[in-house]
Structures are given as C-alpha cells and as structure tokens.
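[1] sequence plus predicted model, see below.
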Amino acid sequence: MQKIKDFIRNNLGVVVISVSFICLFIGGCLLRTAGERGNDTSATRAMAGVEDGIDRAERGVRTAQREIANAEHELNGARKTTDEITRTNQDSQKLIAECERIISRHEESIKRIEGIIKDVETRNKENGTSEESN
C-alpha cells in the first residue's frame, strides 16, 4: 500500500490527468447515449407524425373515392335523363313533322274547296241564281 501512496505522490500530475481523462471519457459516453435516446424520442415522434400524416392522407383518399363514386352515380342519372329528353325531343319532332304534313294536305284541300265554291258561285251568277235565293 505504501508503494501506491509513494507512486501517487511522485506522479500526482499523471494520476490526476489519467483520472480526469477516464472521467471525461465516461462522461462523453454517457452524453452520447443520452443524446441517442433523445434522438430516438425525436425520431419516434417524427415517425408518429409521419404515420398520422399517412392516416390523414388515406382518409382523404377514401373520402375522395366516395365523392367520385357519388359523382359517377349522379352523372349516370343525368345521362339517363338526357337520353330520355333526347328521345322525347325526337318523338316530338316526328309528331311536329306529321302535323305539318296534315296541315299541308288540309291547306291543299281548302284551296280545292275554295276553287269549287268559286266555280259554283260563278255558275250561279251565270245562271242568275245566288245563294240568297236558296
């Protein structure tokens, strides 16, 4: 034990520097370990934030998909309505064309009837009879 005491007295500077170096090394290791734990916590929080962002994005995508499906449904309904209106319009056009043909034929009949009436009136005048005498 005496040899150790003598060694320490003779080499006090070296012993103090060696002990200080060992303490600094151990303290550095402890700080590094604590920093890694802190980084792990930060990384864990960051990962949780990313996961939350992904979850929100997935919910947004599902919502968008539902809205697209609803829009497609409404678009199909509008397409059916448009088709029905087109068919009704075509039927109406056919009906209008038929009415125009009927009117045209009646106009021709009216012209012939008017011609016949004119001829009858002309003959009556020639024969000296008129409508008033009937």
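    Sure, I can see it.
[2] Asn124 - how many residues pack around it?
    14 (other CB atoms under 10 Å). Heads up, the C-betas are built off the backbone N, CA and C, glycines and all.
[3] can you tell me the SS state at it?
    Recorded secondary structure, Asn124: helix (DSSP: H, G, I helix; E, B strand; the rest coil).
[4] how close does it get to Lys3?
    To Lys3, Asn124 is 169 Å away according to CB to CB, to the nearest Å.
[5] which residues of this structure score low on pLDDT?
    Residues of the chain that meet the criterion pLDDT under 70 lie in 8, 35-41, 43, 129-134.
[6] spatially central residue in it, please.
    For the chain, the residue nearest the mean C-alpha position is Ile68 (5.1 Å; CA atoms, centre = their mean).
[7] for the strand or helix carrying it, packing partners?
    When elements are assigned from DSSP states H and E, Ile68 belongs to helix 12-127. The criterion is 3 or more CB pairs under 8 Å, 6 or more residues apart in numbering; DSSP states H and E, and there are no helices or strands that helix 12-127 contacts.
[8] roughly how far out does that helix sit from the chain middle?
    The chain centre lies 3 Å from the centre of helix 12-127; the measure is CA atoms, centre = their mean, to the nearest Å.
[9] who touches the host helix or strand of Lys3?
    In this assignment (DSSP H and E), Lys3 forms part of helix 2-10. Helix 2-10 is contacted by residues Val15 when judged by CB atoms under 8 Å, 6 or more residues apart in numbering.
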